[in-house]
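> A predicted structure for the sequence below; I have some questions about it.
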Amino acid sequence: MAKVLVVTSGKGGVGKTTTTAAVGAALAQAGEKVVVVDFDVGLRNLDLVLGAERRVVFDLINVVQGIAKLPQALIRDKRLENLWLLPASQTKDKDALTEEGVGRVIAELRKTFDWVICDSPAGIERGAMLAMRYADEAIIVTNPEVSSVRDSDRIIGMLDSKTVRAENGERVEKHVLITRYDAVRAARGEMLSIDDVLEILATPLLGIVPESQDVLRASNVGCPVTLNNPASTPARAYSDAMRRLLGEQIDMRVPAEPRGFMRLLLGRRAA
Amino acid sequence: MNVSVEATRQLIRLRGRSYVAFVFAPVVPIADWLSDLDATLAGSPGFFLGKPVVLDLSAVDLSPLAITHLIKSIEARRIRVLGLEGVEPARLSIGMPPLLSGGRQCVVQDVELEKPALREPTSLLLDVPVRSGQSIVFPDGDVTVLGAVSSGAEIVAGGSIHVYGALRGRAMAGINGNASARIYCQKIEAELLAIDGYYHTAEQIDAALRGKPAQARLDGNALRITPLN
Amino acid sequence: MSMLRLFSSRQVSSRPATAPIARERLQILLAHERGGLRGQPDLLMQLREEILAVVARHVVLDPDKVMVKMDRGKHVSTLEVDIELPVGADRAFATAG
């Protein structure tokens, strides 16, 4: 049974696209057949993060409009044969993305893929609402920071009311993924604690991804971080998150401070 | 009859249905008519809440701007205008309620506005947290929430409000003039508390109480927030 | 502080800097996207349209059987057009009009 998973947050810049790419690649490496769909309208990000920006011919809106068929628009990842991308449109016409059209595309994608991962844009307007509309599961990407948590809460409310599942009296299975976690700041009390975030959002935790240079490096070269540097802490956190999505029970790892002599020396001096 | 069966498609049938609505027919001068409306409502506040109301503009000659203003004045009295009649389509703009036609007189069950039927107080129970952006409005009685009320959410009740969790949003109790309504919560971090229109914002809530179980009640025209326990 | 220098040289990452790679990718991408913004449609898209129009003049084209792949490079871009032609296409002609 195919699963439609939306990666959303409300707030912008928290790590939705990074998460979509990392989790999508991890699932593909685990043998699942995955398509990632970019729901932004007018701005394209997922293709860049996956390194497919030079191969985009047709996009989601072209398929909705009937200008292209799905197989013509889907781009296969060069490194992982189980990973496909349906890029976003760069048109400024928001109305071109219709609810009925998106429904048709998702229904068709369900037939050939195990996972349909919808990368939501920020905000709560059309692109974001359509990305979540047909979802069975959701990852709510949250930074341990007040406005991100509030926006995530809003999005959770919408997942429980504005989705087809909610309207049919069923539930969208929701998970919180904490990203850009900074152990040093958390220890100093400058960042909301994991417990604070979970208490406010009252939704199960899928994983904790630390703030890391590896994410930046991966996006610079156009490769999902789980593929670019699988041993790095964010990659391992995403990999654990993927396994939890598949139903495994894994103990939660709270990312610790990165160690190293330099930090020890500088840390002492500053204190 | 030959009918071809399309396995997955269901035909959507458009059906017509008629409903009974109250009609307001304003007369000039509008300001006087609005005062009369207020006097009527004073006797039975909240009577029109949730009732379909149509505005008949045939006795007045209003510009589009005046129509918008009138609708806003009526909605400020917590009456929703469902449709308009007795006016040329050219005077209407996109945001307004739709133009209705074909309305027929009918007998509305004998309701005496001076003596509203006493509604049995009922209560609303929510066993999920109330999320940011959600608004729970229940003028008929108490509201109980088994969970937290997030920042950016609001509960509006005719009776009291009970939150078995943290109250981080807005809570407005006793909205129909019920000064004895109270607000209770397990952890007070509210953005705004109000009882029968008298309100305190977060700043006015004693810092010493924050994060603790608390109750709010009205004492004359002062809102008193005290620890619970 | 020579001791610090000793430590910092040990800390040097063995990975090459990724920013230059990012810059190059961006330059290629923007060169193609800006072409569209300044009113000149992407050359590759235009080529695609025209190639398909030419083929359609000779053969009845099934839009489903047309696959277009592109790879935009800095110096060389590739346009790959894959068209499944019906059997006997070399003898068939598109209907007039």
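Sure thing, it's come through. Numbers count the residues shown, from 1 in each chain, chains lettered A, B, ... in the order given.
> neighbours of the residue nearest to residue A:64 when sequence neighbours are not counted, just the number please.
Once flanking residues are discounted, residue A:64 sits nearest to residue A:101: 3.4 Å by CB to CB, 6 or more residues apart in numbering or on different chains. Heads up, the C-betas are built off the backbone N, CA and C, glycines and all. Residue A:101 has 17 neighbours, counted by other CB atoms under 10 Å in any protein chain shown.
> so which strand or helix has residue A:101?
helix A:99-112 (DSSP states H and E).
> Likewise for residue B:68?
Residue B:68 belongs to helix B:64-76, assigned by DSSP H and E.
> how far is that helix from where the chain is centred?
17 Å (CA atoms, centre = their mean, to the nearest Å).
> picking that back up, look up how far residue A:65 lies from the residue nearest to residue A:64.
7 Å (CB to CB, to the nearest Å).
> got it, and residue A:57?
Distance of residue A:57 to residue A:65, computed by CB to CB: 14 Å.
> Could you check which of these two is surrounded by more residues?
residue A:57 (19 against 15).
> And the pLDDT for that one?
Looking at residue A:57, its pLDDT reads 87.
> In contact with it, which residues?
A:68, A:72, A:73, C:68, C:69, C:70 (CB atoms under 8 Å, 6 or more residues apart in numbering or on different chains).
> Report the buried members of the residues you listed.
Buried residues within those, defined by neighbour count using 16 or more other CB atoms under 10 Å in any protein chain shown: A:68, A:72, A:73, C:68, C:70.
> what comes up buried for stretch A:33-48?
Neighbour-count burial for stretch A:33-48 [16+ other CB under 10 Å]: A:34-41, A:44-48.
> is stretch B:88-102 anywhere near chain A?
No - using CB under 8 Å from any CB of the partner chain, stretch B:88-102 stays clear of chain A, with a minimum separation of 15.8 Å.
> pLDDT score assigned to whatever residue of the stretch 151-271 of chain A ends up closest to chain C?
The nearest approach of the stretch 151-271 of chain A to chain C comes at residue A:220, 3.7 Å away (CB to the nearest CB). The model reports residue A:220 with a pLDDT of 93.
> which stretch of helix or strand covers it?
Going by DSSP H and E, residue A:220 is in helix A:213-221.
> Contacts for that helix next, please.
A:15, A:18, A:48-49, A:51, A:224-225, A:227-229, A:232-235, C:15, C:18-19, C:21-22.
> Show only the entries of these found in strands.
Using DSSP state E, no member of those falls in strands.
> Now which of those residues would you call buried?
A:15, A:18, A:48-49, A:51, A:224-225, A:227-229, A:232-235, C:18, C:22.
> out of the buried ones among the contacts of residue A:57, which are inside strands?
Per DSSP E, the buried ones among the contacts of residue A:57 map to strands at C:68, C:70.
> with the buried ones among the contacts of residue A:57 in mind, which one is nearest to residue B:154?
Nearest to residue B:154 out of the buried ones among the contacts of residue A:57 is residue A:73 (CB to CB; 43.2 Å).
> Please identify the nearest residue in space to that closest one, excluding sequence neighbours.
Spatial nearest neighbour of residue A:73, chain neighbours left out: residue A:58 (3.8 Å); criterion: CB to CB, 6+ apart.
> Please tell me how far the one you found sits from residue A:11.
Separation of residue A:58 from residue A:11 (CB to CB): 30 Å.
> which regions of chain C lie under the pLDDT threshold?
Applying pLDDT under 70 to chain C picks out residues C:1-15, C:35-44, C:88-97.
> The same query, at a cut-off of 50, please.
C:1-12, C:93-97 (pLDDT under 50).
> quick one, strands of it?
Going by DSSP E, chain C shows strands at C:66-71, C:78-83.
> List the buried residues in the helix holding residue A:101.
A:101, A:102, A:105, A:106, A:109, A:110.
> which residues touch the third one?
Think residue A:105. Applying CB under 8 Å, 6+ apart, the residues contacting residue A:105 are A:37, A:60, A:63, A:64, A:70, A:86.
> what's the angle from the host helix or strand of the first one to helix A:99-112?
Secondary-structure element containing residue A:37, defined by DSSP H and E: strand A:34-38. Between the axis of strand A:34-38 and that of helix A:99-112 there is an angle of 160 degrees, by axes from the mean of the first three to the mean of the last three CA atoms, to 10 degrees.
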